[in-house]
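> no sequence for this one, just the structure:
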């Protein structure tokens, strides 16, 4: 079946503009994660959704970052008033549930460049 | 919270040699340890994982060992091939007990296999 998809694949924006990144998880996966990966760096956790529970937002770096998820489907990550340090690849991952040891399936990422 | 340290950051080997990547973790409650491989420009993909009830797991040329007492785990790749060249990430997490399931990733090891 289809894997995790993300759009756009690349986004170039000007400093101060808002951007919206989209993630389509694998159908049936209740858990969804957003990560940020700066060039040559590791995976920085941003936010986690599990079913209808309140999201875990503990990784969001500032109040310019927010995310939503509609039920157990699409999620959007919004960055307001973008800054140059927001430039990175934003990865989305989904997994079957949190109840078991479940593999995370990653999307291809959105490469964000803030000029 | 959990803290995962990964070493080395870069590892260069000759084709056919073995490669070992080591990770340490801080949360004694962590019980699931996956390893992800990320080829250049691609998404991370799970290659092997280990749960806390075993000390070693093998899958062809790849093996992972876990020492719960010392809180460290390692990835071993034997008979390395050029296609093993990638960035490898370790992670640690625990099944949730009322909280959320968020893996903590190491900073990654760039493995280069020279033909």
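Looks like it came in fine. Only a predicted model underlies this, so the values are computations on that prediction, with no experimental measurement involved.

> give the pairing partners of the helix or strand of chain B with the lowest mean pLDDT; include direction for each.
One helix or strand of chain B scores below all others by mean pLDDT, DSSP states H and E: strand B:104-105, with a mean of 90. Applying DSSP bridges, strand B:104-105 is found paired with strand B:86-92 (antiparallel).

> residues contacting the residue nearest the centre of chain A?
In chain A, the residue lying closest to the centroid (CA atoms, centre = their mean) is residue A:34, at 3.1 Å. Taking CB atoms under 8 Å, 6 or more residues apart in numbering or on different chains as the contact definition, residue A:34 lies against A:23, A:45, A:46, A:47, A:48, A:67, A:75, A:77, A:90, A:91, A:92. Just so you know, the C-beta spots here come from the backbone N, C-alpha and C atoms, and that holds for glycine as well.

> quickly find the element holding it.
strand A:31-37 (DSSP states H and E).

> and the angle from that strand to strand B:86-92?
130 degrees (axes from the mean of the first three to the mean of the last three CA atoms, to 10 degrees).

> quick one: strand A:31-37 to chain centroid distance?
Chain-centre distance of strand A:31-37: 4 Å, with CA atoms, centre = their mean, to the nearest Å.

> mean confidence score for that strand?
Summarised as a single mean, pLDDT over strand A:31-37 is 94.

> ditto for stretch A:56-70
93.

> check contacts around the closest residue to residue B:8 other than its chain neighbours.
Spatial nearest neighbour of residue B:8, chain neighbours left out: residue B:109 (6.1 Å); criterion: CB to CB, 6 or more residues apart in numbering or on different chains. Contacts for residue B:109 (CB under 8 Å, 6+ apart) come out as B:6, B:7, B:8, B:9, B:10, B:11, B:21, B:87, B:88, B:89.

> in contact with the second one: list those residues for me.
In this case it means residue B:7. Contacts of residue B:7 by CB under 8 Å, 6+ apart are B:21, B:22, B:23, B:109.

> for the residues you listed, give me TSV that also has secondary structure and pLDDT.
Conversion of those to TSV gives the following (DSSP: H, G, I helix; E, B strand; the rest coil; pLDDT from 0 to 100):
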residue	secondary structure	pLDDT
B:21	strand	98
B:22	strand	98
B:23	strand	98
B:109	strand	97
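
> so which residues of chain A form strands?
Taking DSSP state E to define them, one finds strands in chain A at A:5-7, A:10-13, A:19-24, A:31-37, A:44-50, A:65-69, A:75-79, A:88-95, A:105-106, A:110-114.

> angle of the fourth one against strand A:75-79?
Meaning strand A:31-37. 30 degrees.

> strand A:31-37 versus strand A:110-114: what angle between them?
Using the same axes, to 10 degrees, strand A:31-37 lies at 40 degrees relative to strand A:110-114.

> quick check: angle from strand A:31-37 to strand A:65-69?
150 degrees.

> what pairs with strand A:31-37, and is each one parallel or antiparallel?
When DSSP bridges is applied, strand A:31-37 pairs with strand A:44-50 (antiparallel), strand A:88-95 (antiparallel).

> the third one too?
Take DSSP bridges as the rule and strand A:19-24 pairs in its sheet with strand A:5-7 (antiparallel), strand A:75-79 (antiparallel).

> any idea which of these is most buried?
Of all the strands paired with strand A:19-24, strand A:75-79 has the most neighbours on average by mean count of other CB atoms under 10 Å in any protein chain shown, namely a mean of 20.
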